[in-house]
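Peer 1: Output the structure for:
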Amino acid sequence: MVYFSIVIPLFNKANHIENTLKSILNQTYANYEIIIINDGSIDGSESKVMTFKDSRIQLYNQENQGTSMARNLGIEKAKYNYIAFLDADDLWMENHLEILSTLIRDFPNSGIFASRYQLIFKEGKVSIPKFYGISDDFYGIVPDYFGASLNYAVATSSSIAVPKYVFEKLGNFKSKISSGQDVDMWIRIASKYPVAISATITASYLYYIENSLSKKPILEKKLKDFIDYKLEEEANPSLKKYLDIYRMEYALQYKIAGANKQSKELYDEILKENIPLKSKIIYHLPQWILTLLLKFKRLLRKKGIDFSIYQ
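Peer 2: Reported below is the predicted structural model:
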């Protein structure tokens with residue numbers, strides 16, 4: 001029998017955590033515990049959680065240390081073999097854990113078990129991510145995780161489960177990273193283990209909710225160090241292309257922030273055939289135009305129009 005420890009990092013999500021918890025308690029699959037790590041919330045999030053009187057809910061409080069430390073504490077407290085992650089402002093459909101449990105039984109040697117997910121924009125507009133080389137009805141081991149994730153990631157922090165022993169072997173989330181720490185974790189796992197995906201959409205990512213970190217300038221963020229993946233990307237062209245897309249994104253953000261040295265260093269590391277011509281043209285635009293384009297992209301996203309310049 002598959003049992004899940006559901007880990008929820010919680011920081012100032014008082015307006016959303018109730019719906020998130022209700023989406024768990026409505027699951028058709030009941031073999032789970034809920035571990036909530038309150039990461040120093042100051043908006044009443046803790047009191048919202050305490051209104052729920054379900055014995056499966058465990059609430060732990062810590063001073064604000066970031067999402068990585070919150071998830072790591074959740075993993076430490078977990079008593080079951082499969083860790084399912086859910087952000088405090090996302091939602092599961094009632095069959096989410098049931099779908100993941102079936103996936104685990106069918107592909108037990110995987111390091112990541114992923115359901116499909118949907119993006120919810122303002123005014124209720126819904127977008128379903130497409131993965132490269134994988135049909136909408138594909139069910140099984142992803143042939144090329146990094147190739148499939150070039151536009152939208154197969155693994156997200158609210159749609160997957162990971163065996164606890166994987167963290168014991170590879171280590172937990174890196175606390176030194178404040179932005180993209182989940183992406184770093186999925187890279188490390190997918191480089192060593194198969195990734196299994198279902199054909200069923202069971203998670204909803206509320207794309208219109210911006211957290212405080214997403215609004216921070218890149219110079220105030222602690223990013224993943226690409227040197228950590230040097231050996232893996234040299235041996236895996238798909239991983240190299242996947243990482244080059246992130247290099248391009250960060251290079252643009254650094255240029256917008258006026259950090260031209262950091263921007264050029266990242267841009268020079270990119271294998272240029274991994275990036276389309278439009279991205280190269282955009283990169284060489286003046287800083288003020290890039291700033292306007294970024295504002296325009298954010299405006300379009302709020303209206304439910306999402307796109308990538310990297311493909």
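Peer 1: quick one: the strands in the stretch 151-300 of the chain?
Peer 2: If DSSP state E, counting those that start in this stretch is used as the criterion, the strands of the stretch 151-300 of the chain fall at 160-163, 195-206.
Peer 1: In terms of secondary structure, what does the last one contact?
Peer 2: Of the remaining helices and strands, those touching strand 195-206 by 3 or more C-beta pairs under 8 Å, 6 or more residues apart in numbering; DSSP states H and E are strand 91-92, helix 96-106, strand 112-120, strand 140-141. (Each C-beta comes from the backbone N, C-alpha and C, glycine too.)
Peer 1: residues in contact with the third one?
Peer 2: By C-beta atoms under 8 Å, 6 or more residues apart in numbering, the list of residues contacting strand 112-120 from outside reads 82, 96, 99-100, 103-104, 107, 126-129, 154-156, 158-162, 186, 189-190, 193, 195-208, 306.
Peer 1: Selecting buried members of these in PyMOL, what would you type?
Peer 2: PyMOL command restricting those to the buried ones, with burial defined by 16 or more other C-beta atoms under 10 Å:
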select buried, resi 82+96+99+100+103+104+107+129+154+155+156+158+159+160+161+162+186+189+190+193+195+196+197+198+200+201+202+203+204+205+206+207+208
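Peer 1: Would you mind putting the helices and strands packed on strand 195-206 into TSV with distance to Ile24 and mean pLDDT alongside?
Peer 2: Conversion of the helices and strands packed on strand 195-206 to TSV gives the following (distance: least, C-beta to C-beta, whole Å; pLDDT from 0 to 100):
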stretch	distance to Ile24	mean pLDDT
strand 91-92	6	98
helix 96-106	8	98
strand 112-120	14	96
strand 140-141	26	98
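Peer 1: Let's see stretch 249-267 as PDB, backbone CA atoms only.
Peer 2: C-alpha atoms of stretch 249-267 as PDB (Å, rounded to 0.1, in the frame of the first residue of the first chain):
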ATOM      1  CA  GLU A 249      16.500  34.000 -19.000                       C
ATOM      2  CA  TYR A 250      19.000  35.000 -16.300                       C
ATOM      3  CA  ALA A 251      21.200  36.800 -18.800                       C
ATOM      4  CA  LEU A 252      18.200  38.900 -19.900                       C
ATOM      5  CA  GLN A 253      17.200  39.600 -16.300                       C
ATOM      6  CA  TYR A 254      20.800  40.700 -15.400                       C
ATOM      7  CA  LYS A 255      20.900  43.000 -18.400                       C
ATOM      8  CA  ILE A 256      17.600  44.600 -17.400                       C
ATOM      9  CA  ALA A 257      19.100  45.100 -13.900                       C
ATOM     10  CA  GLY A 258      22.100  46.800 -15.400                       C
ATOM     11  CA  ALA A 259      24.500  43.900 -14.400                       C
ATOM     12  CA  ASN A 260      26.100  43.600 -17.800                       C
ATOM     13  CA  LYS A 261      29.100  41.600 -16.600                       C
ATOM     14  CA  GLN A 262      27.000  38.900 -15.100                       C
ATOM     15  CA  SER A 263      24.700  38.900 -18.100                       C
ATOM     16  CA  LYS A 264      27.500  38.500 -20.600                       C
ATOM     17  CA  GLU A 265      29.200  35.700 -18.600                       C
ATOM     18  CA  LEU A 266      26.000  33.700 -18.800                       C
ATOM     19  CA  TYR A 267      25.300  34.500 -22.400                       C
END
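Peer 1: And it, what's buried?
Peer 2: Buried, per 16+ other C-beta under 10 Å, within stretch 249-267: 249-257, 259, 262-263, 266-267.
Peer 1: One more: stretch 169-177?
Peer 2: By 16+ other C-beta under 10 Å, the buried positions in stretch 169-177 come out as Asn172, Phe173, Lys174, Ser175, Ile177.
Peer 1: Next, give phi and psi for the nearest residue to the first one once chain neighbours are set aside.
Peer 2: If I follow you right, that is Asn172. Closest residue to Asn172 apart from its sequence neighbours, by C-beta to C-beta, 6 or more residues apart in numbering: Asn72 at 4.3 Å. Backbone torsions for Asn72, taken as degrees, to the nearest 10, come to phi -60, psi -40.
Peer 1: my guess is Asn72 meets Gly171, correct?
Peer 2: No. Look at Asn72 against Gly171 with C-beta atoms under 8 Å: they stay out of range, at 9.5 Å.
Peer 1: which residue sits closest to Gly147, ignoring its sequence neighbours?
Peer 2: Gly147 sits nearest to Ser238 (C-beta to C-beta, 6+ apart), 4.2 Å away.
Peer 1: how much space between that neighbour and Ala153?
Peer 2: Applying C-beta to C-beta, to the nearest Å, the value for Ser238 to Ala153 is 13 Å.
Peer 1: Of those two, which one has the most company?
Peer 2: Ala153 (23 against 17; other C-beta atoms under 10 Å).
Peer 1: Might you report the residue contacts of the more buried one?
Peer 2: Contacts of Ala153 by C-beta under 8 Å, 6+ apart are Val183, Trp186.
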